[in-house]
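>>> 3D, please:
(2 chains)
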Protein chains: 2
Amino acid sequence: MGDVSKRILLGRKLRSSQLGETLLPKRIALPVFASDALSSVAYAPDEVFIMLSLAGASAYVWSWKIGVAVALVMLTVVASYRQNVHAYPSGGGDYEVATVNLGPNAGITVASALLVDYVLTVAVSISSGVQNAASALGFIHGHEATVATVLVIVLAGMNLRGVRESGTFFAIPTYGFMLAILGMGAYGFIQYATGSLHPVESANLTVVPDAHHQNALSGVALIFLLARAFSSGCAALTGVEAISNGVPAFRRPKSKNAASTLLLLGAIAVSMLLSIMALANTIGLKYVDPGDVGRLRDANGNPLPAGYEQHTVVAQLARAVFHDFPPGFYFVVAMTGIILVLAANTAFNGFPVLGSILARDGFAPRALGSRGDRLAYSNGILFLAILAIVLIQAFNAETTRLIQLYIVGVFVSFNLSQLGMIRHWTRHLKTERDPAVRRRMHRSRIINAFGLGMTAVVFVIVLLTKFLAGAWIAILAMVFFFLVMKSIRRHYTNVEKELAADEEDRVMPTRVHAIVLVSKLHKPTLRALAFAQATRPNVLEAVTVSIDDAGTAALLEEWDDRNMAMPLKVLHSPYRELIRPVVDYATAIKKANPRGVVAVYIPEYVVGRWWEQALHNQTALRLKGRLLFTPGVMVISVPYQLHSSAQRARELREEIWVAPSDLRAGRAVDTRNRQIGK
Amino acid sequence: MGDVSKRILLGRKLRSSQLGETLLPKRIALPVFASDALSSVAYAPDEVFIMLSLAGASAYVWSWKIGVAVALVMLTVVASYRQNVHAYPSGGGDYEVATVNLGPNAGITVASALLVDYVLTVAVSISSGVQNAASALGFIHGHEATVATVLVIVLAGMNLRGVRESGTFFAIPTYGFMLAILGMGAYGFIQYATGSLHPVESANLTVVPDAHHQNALSGVALIFLLARAFSSGCAALTGVEAISNGVPAFRRPKSKNAASTLLLLGAIAVSMLLSIMALANTIGLKYVDPGDVGRLRDANGNPLPAGYEQHTVVAQLARAVFHDFPPGFYFVVAMTGIILVLAANTAFNGFPVLGSILARDGFAPRALGSRGDRLAYSNGILFLAILAIVLIQAFNAETTRLIQLYIVGVFVSFNLSQLGMIRHWTRHLKTERDPAVRRRMHRSRIINAFGLGMTAVVFVIVLLTKFLAGAWIAILAMVFFFLVMKSIRRHYTNVEKELAADEEDRVMPTRVHAIVLVSKLHKPTLRALAFAQATRPNVLEAVTVSIDDAGTAALLEEWDDRNMAMPLKVLHSPYRELIRPVVDYATAIKKANPRGVVAVYIPEYVVGRWWEQALHNQTALRLKGRLLFTPGVMVISVPYQLHSSAQRARELREEIWVAPSDLRAGRAVDTRNRQIGK
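Residues are numbered from 1 along each chain as shown, chains lettered A, B, ... in the order given. Model prediction:
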């Protein structure tokens, strides 16, 4: 049943095929790694405007200055990560940098932050995308959470099916988004300069200050307000670190190409951010918390008519700039929506990759480590989707409220990564003798130290301004992930100790007592008996559990008729139990020969279809499960494949997924270029 | 996780213990087997009154005549089943009678009918019980479906926990119910005779005839109306066959005691039914479909005040009879409610028993056949509960509508059983020579023939009057169960053919190629290697799958350091897959030696807690699953038990449930006397 519905939902199982290891030129690498970083440009300005609006429309004068501050942080972070790219061309990522230089605790702190951030990337990007879509498609208004949930489900479904993502798949919308935003900015300013710009829809509105911020335009209150706006604006920094994970995917010289692409990304992101904020500020755009639209008033201070729909900053700008050219408006809105969905998709790729790295290091269930396995990959996708949906529903898909949780994780990993880089350079400086190299290292260390200083300050600001607004939830989640990872690691370590090999474990058992379980005298039984004989045990017994006297008598008779080589031992089971008599018998034999082993041969027949499987072998399966818990007992399945199993065997063969080639040797790459199927 | 929540919901796992086979004296056997049959007395009169009310209150004059007709059928059925009891003292039940005498198709027709009836027994009894409870506890009104659903869940939970049911458990409420109904009838008639009976609450009401039945008091319409009322009244017959399933539980002489108990049951049921109907008719009780209370009017023909609550027939009688003695009223209502819940509980016992018999005969998944196993038993309970809840919700817990589905199944099995009995006697008469015995057989055959005639007529009446009212649903469900059982049987037969043993299956494999899978050099691996050596294969190889060059190099080095006896073969897996390389390698070896076998040794370590299990052995489990589909490959689990597994092993041991002793030798007994735990 499950199988059938899975097929319907997730489509035909994919045929596996070899994956060519294609290296990316810069022009493709940029869009592949940029969607997350650029997409935040779509909501960061809104957040700045929302925060400032608390003190009324006059606070908007600060908006472009905050934009500049965010841009400065962005460029600092870019400069820092250029050092990472050169130092860790393996694409180690923040987790590796922190683990290598600061130890495993720092590493899993970063990992916890990244896990939380992946979830928030999905929730924030999708929520923002839906909000944006609502600006063009009015009917979405009021159903944002539902639409966002459906989108997450669709995205998870696509990823479970194994979407085929090529470089082009990313290039078109990413370049389209750049063109849309930068083009809109340029065209808007030209129109503004020539006086032909249509007024923005909210130009004539006024904003009632929030009750707590009425006198916020001076002193400490102003500073705090600006700090909050700045923190929210820092959402634009999310995703900048992606390129540093993807160095191995670049063409040679990898590090150099990656570093230039990173710089280009930073420059583009900053330009886009500033052009939006400057244009919005120039033309008097008003934007308040969508949950608090009542604070918007018309030019005379009267409330707006009921049902007024506030559009996102990008949508308002696009409507004004392309007032006489609707296709332009739709292009901007569509590109914004698509890039946000792409950004969410990034998380669906990154989450299982991180899981596999954590599994390799013993911090996550080892089963997640085999990324070639469909199950491990699917579990990550489902886990991520469920958490994201919970967040979307809990916060009603309100980007502004989700943002409060978001940035703290990003800055945890920024800080630990920069701290790790400083340690890295210091360590290398101890051994490096070449003066030119030492000079470069010194310079890199200074850049990273400056980056650390900057991101540390921002981290403190973010913590102070956002802790009560929601960051505590993210921190709590990080602590939870941290503790779980620690316990898993501790468990694996304990098991390893308990399993440590001992010379005495090499001693062969003195005696093998073989039991072949017989329920009927059919092919699987005969095969099991033949195989058991072939293993030449010291004792070989056929054993049947009698739950029905007549049936047992018939079996015994057939046993004699066929002149079987060994006697058939009958275990009586007055209560029609099948499992316990076998377990008890095996235990008794083992007790009588503590240095020997008991080998239990279980004849099984293998059927193919799901409903056939429900009809067979449930007892064999449970018996095997029980016998594993019985010390000194080996469990031997002797399968006999029925015709119907052949088809299923073929399907199983095709079902195995191909992991990204770049995971070879345990390296992690953000797998935006993962391809599956043919 | 699942385990923990199960513990909370279902309580501590039960310790198994031997079960004494206690035989029941008649005074205990009666209540043990009677709850189902007697409980229908609680709703059958209501259904007769509802049907008659369609033609207005004047039609109630027919009520006691219909009661007499139902009583006649009841006594005929009792007489017939007394023959079954003598002929099948093994407690075969209708399924066995039909299978033996009419063939497997008749058998599974009866089984389908019984399965549907078990579901309906739960739905109808619980719905009626809730309706009855609402007569005493007003706040239930309007929430019947919810309360009924909760009750089914509680009942399922109790059965999953393994309720301890003793004879006394049944005796008190069953005798209490008899006392309540018969006492109420007697006391009521005494009061009526002395003129001191308080008028029943609905005595002065009038009933507006249904639009379609206004002129139904003559001709064909009257006959049809009476036939419908009679069909509904036949609900009183459900459960009469229970004793014939339970003969082995009686004290000796079993058949004779069972037959007398059956007669006693029939007499009591008829007395109760008639006393309720006669008293209700005498004192002018009015009762209409609870879904159509608007047809009730006051003495002047005006509508009743909004919120008028119509109480069940039994509750109305009890209120009138015990007007000055409220404890009497509460006693009647409470006993009625309890007996109805007990009747539902009967189905929770009978369903898995029937399942195990069907499994034994190959008509149901064989896993259901081992009743000693907790899983099989639980699945039956859950299946039954879910279906019953679906029905309750679909029909809004309205007994009247559920009854329409109910009776058709009962009469299907009555008819086939009687037909089977006639065949039985005819067959035996062919060989029997003793004139005394022949005389008895002739007499029995006449009784069964009369029973068949009677039940056949009733069956036709039921079909004609109820088909469109809902019986078609029950018939559809029976056809569905029938077809599923046929397919399951066909599948098992095909598998059996495919598995039929052949002399060539006894040939020992010419060559055993043993592969020991190595991931690390720990205890389980050493143990697996030692055991593999002990089985003296022709070839013994240690094999590791390399997904990480560094790890493999370290393993190879350790392998050399430890001077292992055999070389370690490395299978390269560029895509980090673990399963496919092993399957491919095993397949290749098998291909090279078609007459040999490949023995794959899988070292496993066994942990105890649920979360530990999630952290380990997922790959081993999946690998084993895959290898079973690979022809010519034997799968050998070499388990190593970690300390934490010991506790779990103890729990698993305690978890095995004890099946009812009376299921020995595959016999079926309605397990009202099943006991679990100590």
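
>>> so where does the most centrally placed residue in chain A fall, helix or strand?
In chain A, the C-alpha closest to the average C-alpha coordinate belongs to A:Phe351, at a distance of 1.9 Å (CA atoms, centre = their mean). The secondary structure element spanning A:Phe351 is helix A:326-360 (assigned by DSSP states H and E).

>>> elements contacting that helix?
Contacting helix A:326-360 under the criterion 3 or more CB pairs under 8 Å, 6 or more residues apart in numbering or on different chains; DSSP states H and E are the following elements: helix A:26-39, helix A:104-136, helix A:144-161, helix A:167-194, helix A:313-321, helix A:374-394. (C-beta placed from N, C-alpha, C; glycine too.)

>>> what about it, distance to the chain center?
Relative to its chain's centre, helix A:326-360 lies at 11 Å (CA atoms, centre = their mean, to the nearest Å).

>>> try stretch A:23-35
Centroid separation for stretch A:23-35 versus its chain: 20 Å, with CA atoms, centre = their mean.

>>> Kindly report the same for stretch A:401-420.
Averaged over its C-alpha atoms, stretch A:401-420 has a centre that lies 16 Å from its chain's centre (CA atoms, centre = their mean).

>>> any weak-confidence spans in chain A?
Confidence mapping of chain A against pLDDT under 70 gives the ranges A:1-22, A:91-92, A:161-168, A:214-217, A:369-377, A:575-576, A:617, A:653-678.

>>> Okay, domains of it per the record?
Following automatic domain parsing, one gets these domains for chain A: A:36-305+A:313-494, A:509-642.

>>> and the residue nearest to A:Leu151 when sequence neighbours are not counted, how many neighbours?
Spatial nearest neighbour of A:Leu151, excluding adjacent residues (CB to CB, 6 or more residues apart in numbering or on different chains): A:Ile126 at 5.2 Å. Here the count is done by other CB atoms under 10 Å in any protein chain shown, and A:Ile126 has 31 residues near it.

>>> where's A:Ile126 relative to chain B, distance?
When distances are taken as CB to the nearest CB, to the nearest Å, A:Ile126 and chain B turn out to be 28 Å apart.

>>> now do A:Ala34
Distance, A:Ala34 to chain B, using CB to the nearest CB: 28 Å.

>>> Please name the spatially closest residue to that residue (chain neighbours excluded).
Using CB to CB, 6+ apart and skipping residues adjacent in sequence, the residue nearest A:Ala34 is A:Leu265, 5.2 Å away.

>>> any idea which element the one you found lies in?
A:Leu265 is part of helix A:254-282 when elements are defined by DSSP H and E.

>>> Downstream of that helix, the next helix or strand is which one?
Taking DSSP H and E as the definition, the helix or strand that follows helix A:254-282 towards the C-terminus is strand A:296-297.

>>> Give me the helices and strands touching that next one, please.
strand A:206-207.

>>> which element follows the strand it packs on toward the C-terminus?
The element immediately downstream of strand A:206-207 (helix or strand, assigned by DSSP H and E) is helix A:219-233.

>>> Look at A:Ala69 and say how many residues are nearby.
A:Ala69: 17 neighbours (other CB under 10 Å).

>>> next one: A:Ile473
When neighbours are counted by other CB under 10 Å, A:Ile473 registers 16.

>>> in which helix or strand would I find it?
Element membership for A:Ile473, per DSSP H and E: helix A:472-499.

>>> touching chain B at all, that helix?
Yes: using CB under 8 Å from any CB of the partner chain, helix A:472-499 comes into contact with chain B via A:488, A:491-492, A:495-496, A:498-499.

>>> what sits opposite A:Arg297 in the beta ladder?
In this structure, A:Arg297 has the following beta-bridge partners (DSSP bridges): A:Thr206, A:Pro303.

>>> Go ahead and confirm it touches A:Tyr308.
No: contact criterion CB atoms under 8 Å: A:Arg297 and A:Tyr308 do not qualify, at 10.6 Å.

>>> Among the two, which residue is more densely surrounded?
Per other CB under 10 Å, whichever of A:Arg297 and A:Tyr308 has more neighbours is A:Arg297, with 16 against 12.

>>> mind listing what the more buried one touches?
Under the criterion of CB atoms under 8 Å, 6 or more residues apart in numbering or on different chains, the contact list for A:Arg297 reads A:205-208, A:303-304.

>>> how much space is there between A:Leu402 and chain B?
Between A:Leu402 and chain B the distance is 28 Å, computed by CB to the nearest CB.

>>> Okay, buried residues for the helix or strand harbouring that residue please.
Taking DSSP H and E as the definition, A:Leu402 sits inside helix A:399-431. Applying a neighbour-count criterion of 16 or more other CB atoms under 10 Å in any protein chain shown, one finds A:399-425 buried in helix A:399-431.

>>> Quick check: what element follows that helix along the chain?
Following helix A:399-431 in sequence order, the next helix or strand is helix A:435-466 (DSSP H and E).

>>> can you state the direction angle for that following helix and helix A:472-499?
Helix A:435-466 runs at 120 degrees relative to helix A:472-499, counting by axes from the mean of the first three to the mean of the last three CA atoms, to 10 degrees.
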